[in-house]
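Chemist: attaching a predicted model along with its sequence, questions to come.
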Amino acid sequence: MRVGRIIVSYLTAAAFLCMLWTCVAFIMELPIVPPPSRVLSRFVLVFFDSIAVHGAYSLFRIGAGLLMAVIIGYPLGVLMGYCRRVDRVLSPFVYLTYPIPKIALLPILMLLTGIGELSKILMIFLIIVFQVVIAVRDGVRAIPSETYFPLRSLGASFGQILRHVIFPAVLPKFITAIRVAMATAVSVLFFTETFGTQYGMGYYIMDAWLRVNYLDMYAGIVTLSAMGLSLFGLIDCFEHFTCHWQER
């Protein structure tokens, strides 16, 4: 039922924005602000020929960067939160590199890895991994140390403690970190896809803008928004099924 309510709320918000967009287009009456009905018609017309391909490339880059960030960031965060010595060694490196604007590293990544897929995936990875590390580390630190004493006295291994205590305790903060980082990742992805590629929603939108094809440009923007909405929806559904004890 909750998933159904989420879908209804998303559709309601989309309908409200379309109504607002229609009013603005009617008032301005300019080619640069076409009504949503024309954009939707154009979207349906070009979806399978172009938008679907560009959207698939963008989703692949986000998915690959997110997967790398989770594979590397989650264990590192658990290790830093559970072992204070490891945290004392690694925290200075995290605090020194985390504030650096990741988009400023794009020229360096392109010089080191080329202008292909790897530089774009690494950019997404750098945006997400720090938030994952810090959120997981703080989540592990928030677990009272007394929680571990009876488990250790009963002979529980670290793997058992990780599975039955650390993982469920950290999961809500981990999901929140992914949710927060995802918005930034989609924004930066748009910027990175304007360099050295012919595929991706960033390239599609900028190419349409340069060709003064406003319908294609808006169709690309709507697609990028729908991609972000889908990703957030998947995260919400994952949180619903894995953190159901939090619901009231």
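Modeler: Nice, thanks for sending it over.
Chemist: for the residue positioned nearest the centre of the chain, which non-adjacent residue is closest in space?
Modeler: The centre of the chain sits closest to Met182, judged by C-alpha atoms, centre = their mean, with a distance of 2.0 Å. Nearest residue to Met182, sequence neighbours excluded (C-beta to C-beta, 6 or more residues apart in numbering): Leu231, at 5.6 Å. C-beta coordinates here come from the backbone N, C-alpha and C atoms, glycine included.
Chemist: need the pLDDT of that neighbour.
Modeler: pLDDT for Leu231: 86.
Chemist: which elements pack onto the helix or strand hosting it?
Modeler: For Leu231, the element it lies in under DSSP states H and E is helix 214-242. Counting contacts by 3 or more C-beta pairs under 8 Å, 6 or more residues apart in numbering; DSSP states H and E, helix 214-242 is packed against helix 2-28, helix 36-46, helix 52-82, helix 167-192, helix 201-210.
Chemist: next, the angle helix 36-46 makes with that helix.
Modeler: 80 degrees (axes from the mean of the first three to the mean of the last three C-alpha atoms, to 10 degrees).
Chemist: identify each buried residue in helix 214-242, please.
Modeler: Across helix 214-242, burial judged by 16 or more other C-beta atoms under 10 Å covers 214-224, 227-228, 231-232, 236, 239.
Chemist: which secondary element of the protein has the worst mean pLDDT?
Modeler: Lowest on mean pLDDT, DSSP states H and E among the helices and strands of the chain sits helix 148-153, with a mean of 80.
Chemist: check which residues of that one are buried.
Modeler: By 16+ other C-beta under 10 Å, the buried positions in helix 148-153 come out as Tyr148.
Chemist: can you name the residues in contact with it?
Modeler: 160-161, 165 (C-beta atoms under 8 Å, 6 or more residues apart in numbering).
Chemist: for stretch 157-172, same thing?
Modeler: 77-78, 81-82, 135-136, 139-140, 142-143, 147-148, 151-152, 156, 239, 242-243, 246.
Chemist: go again using 10 Å as the cut-off
Modeler: 74-75, 77-78, 81-82, 135-143, 147-148, 151-152, 154, 156, 174, 177, 238-239, 242-243, 245-246 (C-beta atoms under 10 Å, 6 or more residues apart in numbering).
Chemist: now stretch 222-232
Modeler: By C-beta under 10 Å, 6+ apart, the surrounding residues in contact with stretch 222-232 are 6, 10, 13-14, 17-18, 21, 36, 39-40, 42-43, 47, 51-52, 54-55, 58-59, 62-63, 66, 178-179, 182-183, 185-187, 189-190, 200-202, 204-205.
Chemist: send the alpha carbons of that stretch over as PDB?
Modeler: These are the backbone C-alpha positions of stretch 222-232, laid out as PDB (Å, rounded to 0.1, in the frame of the first residue of the first chain):
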ATOM      1  CA  VAL A 222      12.000  15.900 -18.800                       C
ATOM      2  CA  THR A 223      13.800  12.600 -19.300                       C
ATOM      3  CA  LEU A 224      16.600  13.600 -17.000                       C
ATOM      4  CA  SER A 225      14.000  14.600 -14.400                       C
ATOM      5  CA  ALA A 226      12.200  11.300 -14.800                       C
ATOM      6  CA  MET A 227      15.500   9.400 -14.400                       C
ATOM      7  CA  GLY A 228      16.100  11.200 -11.100                       C
ATOM      8  CA  LEU A 229      12.600  10.500 -10.000                       C
ATOM      9  CA  SER A 230      12.900   6.800 -10.800                       C
ATOM     10  CA  LEU A 231      16.200   6.500  -8.900                       C
ATOM     11  CA  PHE A 232      14.700   8.200  -5.800                       C
END
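Chemist: heads up, I number from 14, so please use that
Modeler: Okay, using 14 as the starting number, the last item reads as stretch 235-245.
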